[in-house]
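# this one's structure only:
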């Protein structure tokens, strides 16, 4: 009886493990890697390391980190939408978004995991999109994530 119980338990564990492996958590898929300047308050030359993925509804979300190191700190989030979605927003909301075609020339974007050709194609594909950045931690200034989260204005290089 003990052996049968052990075998059934083992099969149950394997089945459960298979189920866990088959289900991808929301943390998977952050595979698009972009490095860009001018995303961090107070230091226009600091590089924000973006890890992005597409979400339902035509939104791309990017986690912003202060480095590419294993212990990098999450400093913000950027949301990206298309021109049609941006046009549907009220003017007060549009003011919080930046136009990527204007931004690309000043942030020196680098796509470390892409060839030069792939990066050029990607940059072209995002020119007609808009981004909105929320900063949650100024790691150059604070050891802990203190203070108010803020929307970052790329045009004025300041947080609100």
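Perfect, I can see it now. None of these values were measured; they are calculated from a predicted model.
# from here on, contacts and neighbour counts on C-alpha atoms
Noted.
# residue ranges for the helices of this structure, please.
Ranges of helices in the chain, per DSSP state H, are 2-22, 83-87, 91-94, 100-107, 116-126.
# Give me the contacts around stretch 140-149.
Contacts of stretch 140-149 with the rest of the structure, by Cα atoms under 8 Å, 6 or more residues apart in numbering, involve 134-139.
# any idea how far the closest residue to residue 97 other than its chain neighbours lies from residue 79?
Nearest non-adjacent residue to residue 97, counting by Cα to Cα, 6 or more residues apart in numbering: residue 132, 4.7 Å away. In this view, residue 132 and residue 79 are 5 Å apart by Cα to Cα, to the nearest Å.
# what residues are shared contacts of these two?
By Cα under 8 Å, 6+ apart, no residue touches both residue 132 and residue 79.
# where does this structure dip in pLDDT?
Flagging of the chain using pLDDT under 70 yields the residue ranges 1-22, 154-160.
# how close does the spatially most central residue of it sit to residue 56?
By Cα atoms, centre = their mean, the chain has its centre lying nearest to residue 62, at 1.2 Å. Counting by Cα to Cα, the gap from residue 62 to residue 56 is 14 Å.
# try residue 112
Distance from residue 112 to residue 56, by Cα to Cα: 26 Å.
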